[in-house]
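**Q** Sequence first, predicted model second:
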Amino acid sequence: QVQLVESGGGLVQAGGSLRLSCAASGRTTSIYAMGWFRQAPGKEREFVAAISWSGGVTEYGDSVKGRFTISRDNAKHAVYLQMNNLKPEDTAVYYCAASRLPRIVLVTTDSNEYDYWGQGTQVTVSS
């Protein structure tokens, strides 16, 4: 089993920045691609960003491209999401996820292909 714990959420004004962190523990050797998803009230879960095991391949949702950056530190079993130029529409609960898909898959944007999920951290952007 793998446990994921997010941190770094909070309230920020539009145009501001936040950095989310996700710490993995347990059988971390079984996970490869990691990602961030978000869910706003009354909306479906949305893909935000994903990163391959090596960190060399990343993928972003269209709504965050150019503003968000995903990174990871395998030595610390952690993944990060730097969010810049935040907008009110970025308000949501942000979830960290980890996948056991083979390393050769690199990344995936499909939430069904993630095996472990954190509890989420709230991000609220005021206008």
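**A** The structure has been received and is ready for your questions.

**Q** Could you give the average pLDDT over the top strand by length along the chain?
**A** When the chain is parsed with DSSP state E, its longest strand is strand 18-26. Averaging pLDDT along strand 18-26 yields 96.

**Q** Give the other helices and strands that it contacts.
**A** Under the contact criterion of 3 or more Cβ pairs under 8 Å, 6 or more residues apart in numbering; DSSP states H and E, strand 18-26 touches strand 2-7, strand 34-39, strand 78-83, strand 92-98, strand 121-126. Yep, even glycine has a C-beta here, placed from its N, CA and C like the rest.

**Q** again, only using 7 Å
**A** The contact analysis (3 or more Cβ pairs under 7 Å, 6 or more residues apart in numbering; DSSP states H and E) places strand 18-26 against strand 2-7, strand 78-83, strand 92-98.

**Q** which residues does the residue nearest in space to the middle of the chain contact?
**A** The chain has residue 36 as the residue nearest its centroid, 2.0 Å off, counting by Cα atoms, centre = their mean. Going by Cβ atoms under 7 Å, 6 or more residues apart in numbering, residue 36 touches 48-49, 70, 81, 94-96.

**Q** again with residue 59
**A** If you count contacts by Cβ under 7 Å, 6+ apart, then residue 59 has 49-50, 107, 109 around it.

**Q** So residue 13 sits against residue 126, correct?
**A** Yes. The criterion here is Cβ atoms under 7 Å, and residue 13 meets it with residue 126 at 5.4 Å.

**Q** distance of the residue nearest to residue 39 when sequence neighbours are not counted from residue 29?
**A** Spatial nearest neighbour of residue 39, excluding adjacent residues (Cβ to Cβ, 6 or more residues apart in numbering): residue 45 at 4.5 Å. Note on residue 45: its distance to residue 29, by Cβ to Cβ, to the nearest Å, is 27 Å.

**Q** Give me the more crowded residue out of the two.
**A** Neighbours were counted for residue 45 and for residue 29 using other Cβ atoms under 10 Å; residue 45 has more, 15 against 8.

**Q** Kindly provide the distance from the more buried one to residue 30.
**A** 23 Å.

**Q** With residue 53 instead?
**A** In this view, residue 53 and residue 30 are 11 Å apart by Cβ to Cβ.

**Q** Many thanks, we can stop here.
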